[in-house]
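**Student:** Quick one, structure for this:
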Amino acid sequence: MKHNIKVLAVLMFISIAYGCKKEKEPTPEPGQSKTPMCRVKTVRDDDRQPFRSVTYEYDANGKITKSIKQDGSYTRYEYSGDQLILKEYTQLDQPIKSSAEITRYVNTQGYIVKVISKLSQFVSDTVYYTYSSDGFLIQEIWRGQSSSSTKSTTIIYTVENGNTVTIKGVSEKFNGTRDSTVSSFTFLSVENKAGLYQYLSGDNNPMSRFYGRPNKNLINTHTNKYDNKTEVSQYNYDMKDGLPSYSYLSLPGNPDYFKTKYEFECK
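**Tutor:** So this is what the prediction gives:
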């Protein structure tokens, strides 16, 4: 599981003032940026092979209702009580059946708190998610039967000043040994106005939006430590009207960078 511990993304906030009196901060809708003026419409990773993109559709409350991939296949998101239901389709509108039976439970904020993946009659995985009182992901616990070597994995997220600064994961093996991974982040002073999710596979993964709030600021560097190795990745941005039109990710040991293009819809 250690290499499956993904860096991902989550956070952002708004306050409403009336004169000198401050009202309580509103609860964010699932899949909704907490800056309501702008939100992500399309994300394109032109430099990755194969090429990837995703386009989002929202309802009147800012909830994601549909995400469309570069090949025209798409996912619909349905909200039913304490569950989030995903339905996938081909570009020809034919339903796509998942290889696993997945049930996703959400809290009152719309963030996923438990995922049960039933892989067969006898094999299933369960992941539990815990959030802070203000909606940040702070813990993830995986327990399952799909791995022949890993008994469980616990991931701890540390949030400071509205940004996730460290992610620490520990995998417990059936043989009694443990593996660990530590990721740390620094941030720019640039505010994350449109609520980009730079963790959990980033904005190309629509599910990122259901695991807590996005970071308050844009990521500057990401340091990953595992197996006595240290790797540092660098983020740079082209900004337009306070929003990143492009982000550039430089990976360790790679002279090139990965370019991501963002398009937003603003009201």
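**Student:** Below-threshold pLDDT in this structure: ranges please.
**Tutor:** Under the criterion pLDDT under 70, the flagged ranges of the chain are 1-37, 48-49, 199-203.
**Student:** max-length strand in it?
**Tutor:** Using DSSP state E, we find that the single longest strand of the chain is strand 178-191.
**Student:** Return the distance of it from the chain's centre.
**Tutor:** Offset of strand 178-191 from its chain centre (Cα atoms, centre = their mean, to the nearest Å): 14 Å.
**Student:** what comes up buried for the helix or strand following that strand?
**Tutor:** Downstream of strand 178-191, the first helix or strand assigned by DSSP states H and E is strand 217-226. Under the neighbour-count criterion of 16 or more other Cβ atoms under 10 Å, strand 217-226 has N217, L218, I219, H222, N224, Y226 buried. (Glycine included, C-beta is placed from N, CA and C.)
**Student:** Test my guess that the fifth one contacts F185.
**Tutor:** No. Proximity of N224 to F185 does not meet the contact threshold set by Cβ atoms under 8 Å, at 10.0 Å.
**Student:** which residues are common contacts for these two?
**Tutor:** With Cβ atoms under 8 Å, 6 or more residues apart in numbering applied, the contact sets of N224 and F185 do not overlap.
**Student:** Can you give me the first-to-last residue distance of stretch 134-147?
**Tutor:** 33 Å (Cα to Cα, to the nearest Å).
**Student:** do stretch 250-267 as well
**Tutor:** 32 Å.
**Student:** what distance separates it from the centre of its chain?
**Tutor:** Worked out by Cα atoms, centre = their mean, stretch 250-267 lies 16 Å from the chain centre.
**Student:** Buried residues, it. List them.
**Tutor:** For stretch 250-267, burial by neighbour count (16+ other Cβ under 10 Å) applies to Y257, K259, T260, K261, Y262, F264.
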